[in-house]
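>>> Need a 3D model of the following:
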Amino acid sequence: MATTFHPFPRLPLELRLKIWEASISPRTINFNSRAFTTDDGDQKQQAEVSIPKPESMIGTVFGTFASVPPPPTILHTCRESRNVGLHFRGGYQKAFRIWCLPYIFDGSWNQRYIWVHFGLDIIDLGDESPIMFIENEEREKIQRLKLDFDRGVYVWKKSEAQSFARSMSKLFEQVREISVCIPCKEACLELPPDWLPGGSHGGFMEGWRTMDYTVSPKNGDEDRDGERSEDGKTDGKMWVTLVLERENPCAANNSSRQ
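This next block holds a predicted model:
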């Protein structure tokens, strides 16, 4: 079966543009941070990134991003597709400048950036620790946010989860969708009915409604970062994910600025 549609350039321009637009899909930009230490004489064998550029390398602990996603395919397919990618619903733009440690540490750092579509892509911050690395100008553009409410405990207080999400919604004024991932023991999984889809608006947080609700296990042999534990045992931890949407984004933004 042929994988290339050779007559594509002969299609009407309007149809080609529609096809390019349909090829754009939301991505998850994983900003879950971790730390590493550079030791004298120990050459790193894998790429690491850091914000901001460190002044000193040896013996210093830096926060790092878990991954740096490649540029969206539409930006380097052809000139026509790139033009669509740069303008469709606000388009992709360079953001989150980072400094990258080469595969084999040679004492130099290379500056990189991430292509982000703030109207489509989900910015996964994990816990709130990477927030300090995001410039105000970029924070104000984020519209879809994912957060992990994990304070290292199995039994969580509902009021703390609400307060956490509320503070993040005020910090990111343009956010219209928040996915809140909350850990709990399987035995403590029951949630208030008004927190769930179809419940009263503002049940979890005033000014927001729950659009989706999922439950997934967090096993010892495979956590949210996809890494395996040494013992491979299940710890009985569950993740409850609430997808929240602002009821009135414009009104919420105006009130947050007052």
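>>> ok, and for the longest helix belonging to the chain, which residues are buried?
Counting by DSSP state H, the longest helix found in the chain is helix 158-171. By 16 or more other Cβ atoms under 10 Å, the buried positions in helix 158-171 come out as 161-162, 164-166, 168-169, 171. Every C-beta, even on glycine, is put in place using the N, C-alpha and C of the backbone.
>>> And for that helix, what's in contact with it?
By Cβ atoms under 8 Å, 6 or more residues apart in numbering, the residues outside helix 158-171 that reach it are 128, 131, 139, 145, 147, 149, 151, 175, 178, 180, 182, 191-192, 204-208, 244, 246, 252, 256.
>>> Output the buried residues of helix 158-171 in a markdown table, with pLDDT appended to each entry.
Below are these laid out as a markdown table (pLDDT from 0 to 100):
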| residue | pLDDT |
| --- | --- |
| 161 | 75 |
| 162 | 81 |
| 164 | 78 |
| 165 | 83 |
| 166 | 84 |
| 168 | 84 |
| 169 | 86 |
| 171 | 87 |
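>>> Please, where are all the strands along the stretch 1-150 of the chain?
Using DSSP state E, counting those that start in this stretch, the strands of the stretch 1-150 of the chain run over residues 28-30, 33-37, 48-50, 61-65, 93-101, 110-116, 122-126, 144-148.
>>> what is the rounded mean pLDDT of the fifth one?
Spelled out, that is strand 93-101. Strand 93-101 shows an average pLDDT of 73 in the prediction.
>>> What of the fourth one?
Model confidence over strand 61-65 averages 44 on the pLDDT scale.
>>> what do you get for the second one?
Within the predicted structure, the mean pLDDT of strand 33-37 is 46.
>>> Over to the first one?
What strand 28-30 shows for mean pLDDT is 85.
>>> That strand - which strands sit beside it in the sheet, and in what orientation?
Strand 28-30 pairs in its sheet with strand 122-126 (parallel), by DSSP bridges.
>>> ok, and what's touching the partner strand?
26-33, 116, 131, 142, 144-148, 177, 179.
>>> where does the stretch 101-250 of the chain dip in pLDDT?
Applying pLDDT under 70 to the stretch 101-250 of the chain flags residues 101-111, 127-130, 132-133, 150-158, 184-190, 218-237, 249-250.
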